[in-house]
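Student: Sequence and computational prediction follow.
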Amino acid sequence: LEEVKSKWNDIKFNPENQTGFKIVKLKDNDRIIGECGLLKTEKEISEELEIAYMIDEKYWKMGFGKEICEYLITNAFEKIHTKKLIAGMYSQNQNSIRLVEKFSFKLSDEGISKSGIHFKEFTLENPQLN
């Protein structure tokens, strides 16, 4: 989908270990539509990273989430060689849940946050390392 191709610029990004956030811009006009990144957890980067993305609501259901997830998963598994990705979200965020499930993430945990909101956590194992 060439019309939904976006590009990433570094923001709060650590090029040494490929973690942190990148800005997501539209390719045709450089409009910022969100951010995405691979975030460190309490575990070593080679063991586990968290996938994170946020897209302006005006750009939902246009293929950007899919493109962003493909980009992040590829970087995590093929460049960083991490063993596992985690994706956490509020349970009512059905669009995001469906998105990670399309990439074979599996429900691994759920509960209530400190603020009282129900959340779900999904994981995806690196098929090249298992």
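Tutor: That came in fine, so what should we check first?

Student: Give me the mean pLDDT for the top helix by length along the chain.
Tutor: Scanning the chain for the helix with the most residues, using DSSP state H, yields helix 64-74. The average pLDDT within helix 64-74 is 94.

Student: gap between residue 119 and residue 96?
Tutor: According to CB to CB, to the nearest Å, residue 119 stands 11 Å off from residue 96. Just so you know, the C-beta spots here come from the backbone N, C-alpha and C atoms, and that holds for glycine as well.

Student: which residues are common contacts for those two?
Tutor: Among the neighbours of residue 119, those also in contact with residue 96 (CB atoms under 8 Å, 6 or more residues apart in numbering) are residue 89.

Student: More neighbours: which of these two?
Tutor: residue 96 (21 against 16; other CB atoms under 10 Å).

Student: and the helix or strand that contains the more buried one, how far from the chain's centre?
Tutor: Using DSSP states H and E, residue 96 maps to helix 94-102. Between the centre of helix 94-102 and the centre of its chain there are 11 Å (CA atoms, centre = their mean, to the nearest Å).

Student: mind listing what's buried in that helix?
Tutor: 96, 97, 99, 100 (16 or more other CB atoms under 10 Å).
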